[in-house]
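>>> how would this look folded up:
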Amino acid sequence: MKNERNSFNTLTQIALPILTISVQVAIALKLPQWGLIINMISQPFWIYTAWKSYKQAGQIGLLITTIIVTIVIGLGIVNYWVKF
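The predicted structure is shown next:
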């Protein structure tokens, strides 16, 4: 179990900068709809990191912000990708 957790921590530390920088590149290339998709893919890693920060250091503000940002990204995806 501990080895699986360490593997996920390592994956998170790799995924966060790669995905977050990719979002910025997508936006810079005028592809905000793809930036939203990439950003949503990164959100589980952000939520995990925010949860760990909350549990270890009481960083509730980071956790709340991450959850709200995830909701906003979801609304952006609906706006760009779902045709009514």
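
>>> ok, for Leu36, nearest residue in space, not its chain neighbours?
Gly76 (4.6 Å; Cβ to Cβ, 6 or more residues apart in numbering). Where C-beta positions appear, they are placed from N, C-alpha and C, glycine not excepted.

>>> Check the gap between the one you found and Ile37 for me.
10 Å (Cβ to Cβ, to the nearest Å).

>>> Could you find the closest non-adjacent residue to the most centrally placed residue in the chain?
Geometric centre of the chain, nearest residue: Gln43, 2.2 Å, by Cα atoms, centre = their mean. Using Cβ to Cβ, 6+ apart and skipping residues adjacent in sequence, the residue nearest Gln43 is Thr70, 4.7 Å away.

>>> right, and Gln59 touches Ser53 too?
Yes - with contact defined as Cβ atoms under 8 Å, Gln59 reaches Ser53; the gap is 3.9 Å.

>>> about what we covered before: count the neighbours of the residue nearest to Leu36 for me.
Gly76 is flanked by 17 other residues according to other Cβ atoms under 10 Å.
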